[in-house]
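Trainee: sharing a model that was predicted from the sequence below.
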Amino acid sequence: MSNYKIVASDLDGTLLNSNFKISDENLLAIEEISKKGVQFVPSTGRTYSEIYDEIKNNSNVRYIICSNGTVVFDKLTKNKILMCMSKPVAKKIFDILYSYETHITYRYDGNSYVDADYQDEKSYKYYKVWENHISVIKNFSIPISDFKETSYSIDNIETIAAFFHNDDDLEKAKEEILKIGGLIVTAACDHSLEIFSDKAGKGNALYKLCDMLNVDYKDTISVGDSDNDASITKAAGLGLATKNACDSLKEIADNVICSNDEHIVKYVLENYIEE
């Protein structure tokens, strides 16, 4: 039996299969991991409201890392560790993003918000919005008619995500945003940026959770598939990348395992927890 105490898993492209579903095999594996005294911790770029009920309401899941590590949530006590952006910093980011052709989502207080004027198939295609992000928007996001004005009024934004019509604009915007300082700029898919405080990130969130639970960092496993999983892959005692992961994550992972269509949690249980 291993000494691992935490298994932190990304959702999209990792725990969720290519149809954006969680398999029965994974649900059973989460239950088995819990029985062995190991915390299964979803670790996602999604905010809390965007997480499927069968995950966030799962009795075998107590802690959730969401919004790219800007929030660590204890479902039992309702306590949150927050590492959000201040209003002045968010304003600078929005100033830059609004100077380009972008499709923006911001996450705040557990919810996600989008511009009501750009939620149609033509807009999604023009801004190259990822299919999975479209699904999340349609199922979970709150459309706002005065989106730009409202975005400037919010303090403690968790994350800002933007899809770009032009990839050259994306690179220019990324460079400008990084000059603000105190930020992490990454991506979960092509043609997009995800922006959040450098005090956050999934890796820092895992450290916070370990400290809270008095768990040694080396007794943790992370599993992910994209660039926004890089920090937690480096932070975990064992950082795993899925077979379908981007090359940059595979390069820093300790091991590359099965794909998200081959029951990730079941694989981790059988190969690392029950070893």
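Mentor: Great, that's in hand. Numbering: from 1, shown residues only.
Trainee: show me the shaky parts of the protein.
Mentor: Counting by pLDDT under 70, the low-confidence segments of the chain come to 1, 275.
Trainee: for it, what spans make up the helices?
Mentor: Ranges of helices in the chain, per DSSP state H, are 24-35, 53-56, 87-97, 121-126, 131-140, 147-151, 167-180, 202-213, 230-235, 247-252, 264-268.
Trainee: now render those as JSON lines, adding distance to F196.
Mentor: All C-beta spots, glycine's among them, are computed from the backbone N, C-alpha and C. As requested, those are arranged in JSON lines below (distance: least, C-beta to C-beta, whole Å):
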{"stretch": "helix 24-35", "distance to F196": "26"}
{"stretch": "helix 53-56", "distance to F196": "20"}
{"stretch": "helix 87-97", "distance to F196": "10"}
{"stretch": "helix 121-126", "distance to F196": "23"}
{"stretch": "helix 131-140", "distance to F196": "16"}
{"stretch": "helix 147-151", "distance to F196": "15"}
{"stretch": "helix 167-180", "distance to F196": "11"}
{"stretch": "helix 202-213", "distance to F196": "10"}
{"stretch": "helix 230-235", "distance to F196": "11"}
{"stretch": "helix 247-252", "distance to F196": "18"}
{"stretch": "helix 264-268", "distance to F196": "24"}
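Trainee: what's the closest of those helices to I160?
Mentor: Distances from I160 to each of the helices of the chain were compared by C-beta to C-beta, and the smallest falls on helix 87-97, at 5.7 Å.
Trainee: first-to-last residue distance for stretch 154-172?
Mentor: Between the start and the finish of stretch 154-172 there is a gap of 25 Å, counting by C-alpha to C-alpha, to the nearest Å.
Trainee: spatially central, which residue of the protein would that be?
Mentor: Central residue check for the chain by C-alpha atoms, centre = their mean: the C-alpha nearest the mean position is that of G45, 1.7 Å away.
Trainee: what's the burial count for the residue lying closest to that residue once chain neighbours are set aside?
Mentor: Counting by C-beta to C-beta, 6 or more residues apart in numbering, G45 lies nearest to N68, which is 4.8 Å off, once chain neighbours are set aside. Taking other C-beta atoms under 10 Å as the neighbour definition, N68 ends up with a count of 31.
Trainee: so N68 sits against D198, correct?
Mentor: No - with contacts defined as C-beta atoms under 8 Å, N68 does not count as touching D198, sitting 11.1 Å away.
Trainee: list the residues that are in contact with both of the two.
Mentor: For the pair N68 and D198, residues contacting each of them under the criterion C-beta atoms under 8 Å, 6 or more residues apart in numbering are I184.
Trainee: now the helices of the chain in CSV, with distance to S18 and mean neighbour count?
Mentor: Supplementary listing: the helices of the chain in CSV, determined by distance: least, C-beta to C-beta, whole Å; neighbours: other C-beta atoms under 10 Å:
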stretch, distance to S18, mean neighbour count
helix 24-35, 13, 18
helix 53-56, 17, 14
helix 87-97, 30, 18
helix 121-126, 19, 13
helix 131-140, 10, 16
helix 147-151, 31, 15
helix 167-180, 24, 15
helix 202-213, 22, 21
helix 230-235, 21, 23
helix 247-252, 18, 14
helix 264-268, 12, 24
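Trainee: just to revisit the earlier point, mind checking how far the residue nearest to G45 is from I157?
Mentor: When distance is defined by C-beta to C-beta, to the nearest Å, N68 is 12 Å away from I157.
Trainee: could you do S123 as well?
Mentor: Using C-beta to C-beta, we find S123 at a distance of 22 Å from I157.
Trainee: likewise for M85?
Mentor: Taken as C-beta to C-beta, the spacing of M85 relative to I157 amounts to 5 Å.
Trainee: for the residue nearest to E32 when sequence neighbours are not counted, give me its contacts.
Mentor: Leaving out its chain neighbours, the residue that sits closest to E32 by C-beta to C-beta, 6+ apart is L269, at 5.7 Å. Listed by C-beta under 8 Å, 6+ apart, the contact partners of L269 are 29, 32-33.
Trainee: ends of stretch 98-115, how far apart?
Mentor: 12 Å.
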